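Asker: requesting a structural model of the entry that follows:
(chains A and B)
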Amino acid sequence: GNSVTQMEGPVTLSEEAFLTINCTYTATGYPSLFWYVQYPGEGLQLLLKATKADDKGSNKGFEATYRKETTSFHLEKGSVQVSDSAVYFCALSGRNSGNTPLVFGKGTRLSVIA
Amino acid sequence: DTAVSQTPKYLVTQMGNDKSIKCEQNLGHDTMYWYKQDSKKFLKIMFSYNNKELIINETVPNRFSPKSPDKAHLNLHINSLELGDSAVYFCASSQDRTPNEKLFFGSGTQLSVL
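Answerer: All right, here's what the predicted structure looks like:
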């Protein structure tokens, strides 16, 4: 079945540091890939997505590239801010499985300190 | 206006009780979901409804019963609550069940079973 594996957290960084959160996936066919973010006390929000190989999703300075050859969708940001502190979820949706909702990774907590 | 709203935000109750969580979306979406997030932030699908019809029922105990009176509402009833039911429950919606669809989440209901 489809699954997503994320790097274990928590990740603690200083402000302006470079961020990478690793995500790899297992899926049949060609899934769509997503990053969702959960700020404290809130529900998840879509951060970015990519629907086919080599697509790059980007939003709010975050980027992730759909790498079919390595089955990865790593999240990166060049300079993090305290306001980026949140839990980040990698997710996938099987393209040919209309009844299957998003499958989420276990989440990676990011704490950015000033 | 909140797009996906769920009530209550916090729910504290005793083992064996029956409780309900309500969810409403004002986005005109056809598909609604319930997710459970455990203490380690792992997010797992429980149910999915499309136009009031149940389309996904993951291996959830039958003590959990979703009810969708119309496509804008998906309530979750839980009978005979157990300690292991303590978690944060998220309602979500999407325009339809197409795999690429963005999910909109409510802010969660933190259930504590004592």
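Asker: how about the residue in chain A positioned nearest to chain B: what's its closest non-neighbour residue?
Answerer: Chain B sits closest to residue A:43 of chain A, with a gap of 3.2 Å, by Cβ to the nearest Cβ. Glycine gets a C-beta too; all of them are placed from N, C-alpha and C. Leaving aside its chain neighbours, residue A:43 sits nearest to residue B:105 (3.2 Å; criterion: Cβ to Cβ, 6 or more residues apart in numbering or on different chains).
Asker: one step back: run a quick neighbour tally on the residue of chain A closest to chain B.
Answerer: When counting by other Cβ atoms under 10 Å in any protein chain shown, one arrives at 22 neighbours for residue A:43.
Asker: so it touches residue B:110, yeah?
Answerer: No: contact criterion Cβ atoms under 8 Å: residue A:43 and residue B:110 do not qualify, at 12.0 Å.
Asker: and the residue nearest to residue A:43, how close does it get to residue A:94?
Answerer: Shown here: residue B:105 relative to residue A:94, a distance of 20 Å by Cβ to Cβ, to the nearest Å.
Asker: same thing with residue B:35?
Answerer: In terms of Cβ to Cβ, residue B:35 sits 17 Å off from residue A:94.
Asker: residue A:57 now?
Answerer: 18 Å.
Asker: repeat that for residue B:88.
Answerer: Using Cβ to Cβ, we find residue B:88 at a distance of 25 Å from residue A:94.
Asker: residue contacts, the closest residue to residue A:41 other than its chain neighbours?
Answerer: Computed as Cβ to Cβ, 6+ apart, the closest residue to residue A:41 that is not its neighbour in sequence is residue B:107, at 7.0 Å. By Cβ atoms under 8 Å, 6 or more residues apart in numbering or on different chains, the contact set of residue B:107 is A:41, A:42, A:43, B:5, B:6, B:9.
Asker: just the helices in chain A please.
Answerer: Secondary structure of chain A by DSSP state H: no helices are present.
Asker: show me where it dips below the pLDDT cut-off.
Answerer: For chain A, the stretches flagged by pLDDT under 70 are A:95-100.
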